[in-house]
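> What follows is a protein structure lacking sequence information:
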C-alpha cells in the first residue's frame with residue numbers, strides 16, 4: 001500500500017511517466033518506471049489463489065511497459081507459489097527480513113543536540129538532497145530515483161517525512177507510512193560526515209512517538225538479513241516476524 005501511494009503521487013506530479021498500479025487476485029502490481037525499485041508486486045500467494053492465468057496477466061502488465069516482472073514474496077506464501085515461480089523461469093535475487101515492535105516500547109536516549117521535525121512538500125528539495133547524500137555511496141544505481149524521491153514521498157498519501165538537524169543543519173532523513181494500523185519505517189539515512197552522532201536514533205524515537213500519537217500500535221521495518229540495519233533494529237526492540245525474497249523473471253517471456 002505504501003508503494004501504491006508512492007506510484008499515485010508520481011502519477012500526479014509526472015502524468016507522462018506512465019506510473020500506475022493494479023490489483024490482480026489480491027496482488028498489488030506497481031509500475032514506477034522500468035528501473036525503479038518500486039516496480040514490482042506484493043502479496044503473491046497470500047490472499048487469493050495465484051495460478052498460471054494470473055501469472056500471465058501480471059507479466060503482461062509489466063512487459064507491456066518495458067519492465068522485468070519481479071515479485072516480493074513473503075515466506076508465508078502458499079507452497080504452490082514457489083513451484084510456479086520456479087517453473088516460470090523466476091529466480092530469487094535478494095532477501096529481506098520484516099521486523100516489528102510496539103510503538104510505545106521505550107528507546108535509548110538520543111543526542112539532545114539533534115532536533116527532529118516533520119517536513120512537507122515545501123521541504124521536498126532539502127529532503128531529496130539529504131537522502132541523496134545519505135544513500136548515493138551505498139546505492140549508486142538508485143541515484144536517479146533518489147534525486148526525485150523527495151517531491152514524491154512528501155506528497156504520497158499516508159506518508160510522513162522527517163529531517164534530523166544537528167545545531168540547525170539537516171543531517172539525516174527518514175519516513176513512515178501508515179496503513180491498516182501499522183507504521184512502516186523507511187528511507188532512513190544520514191549524510192556521511194554526520195554519522196555516529198545519534199541522528200538515526202533521534203529519528204526512530206520521533207517516528208515512534210508520532211505513530212503512537214496517531215493511535216498506531218505497531219511499527220514495522222524491513223532490512224537485509226544480518227546487516228548493520230538488522231542488528232540496529234533488534235537493539236532498538238524490533239523483532240523478526242518473517243522473511244521475504246524478491247523473485248525476478250529471468251527474461252521477457254515470448255509466450
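Arrived safely, thanks for sending. What you are looking at is a predicted structure, and each value in this text was computed from that prediction instead of being measured. Numbers count the residues shown, from 1 in each chain.

> ok, which stretches of the stretch 151-255 of the chain are helices?
199-213, 228-235 (DSSP state H, counting those that start in this stretch).

> for these, which one ends up most surrounded?
Compared across the helices of the stretch 151-255 of the chain, helix 199-213 shows the largest average neighbour count, a mean of 21 (mean count of other Cβ atoms under 10 Å). Heads up, the C-betas are built off the backbone N, CA and C, glycines and all.

> Tell me who's in contact with the spatially most central residue of the chain.
Geometric centre of the chain, nearest residue: residue 186, 5.6 Å, by Cα atoms, centre = their mean. Residue 186 makes contact with 2, 174-177, 221-222, according to Cβ atoms under 8 Å, 6 or more residues apart in numbering.

> so it bridges to which residues?
Beta-bridge partners recorded for residue 186 (DSSP bridges): residue 175.

> ok, it to residue 37 distance?
11 Å (Cβ to Cβ, to the nearest Å).

> same question, residue 188
16 Å.

> And for residue 228?
Going from residue 228 to residue 37 by Cβ to Cβ gives 20 Å.

> who has more neighbours, residue 188 and residue 37?
Taking other Cβ atoms under 10 Å, residue 188 and residue 37 do not tie; residue 188 has more neighbours (23 against 15).

> Please list all residues in contact with that one.
Listed by Cβ under 8 Å, 6+ apart, the contact partners of residue 188 are 172-174, 200, 203-204, 229.

> try residue 242
Going by Cβ under 8 Å, 6+ apart, residue 242 touches 74-76, 97-98.

> 6 Å - rerun?
Neighbouring residues of residue 242 by Cβ atoms under 6 Å, 6 or more residues apart in numbering: 74-76, 98.

> same question, residue 202
Residue 202 sits next to 110, 114, 116, 164 when contact means Cβ under 6 Å, 6+ apart.

> Counting neighbours, which of those residues comes out on top?
The most neighbours of any of the contacts of residue 202, using other Cβ under 10 Å, belong to residue 164, which has 28 neighbours.
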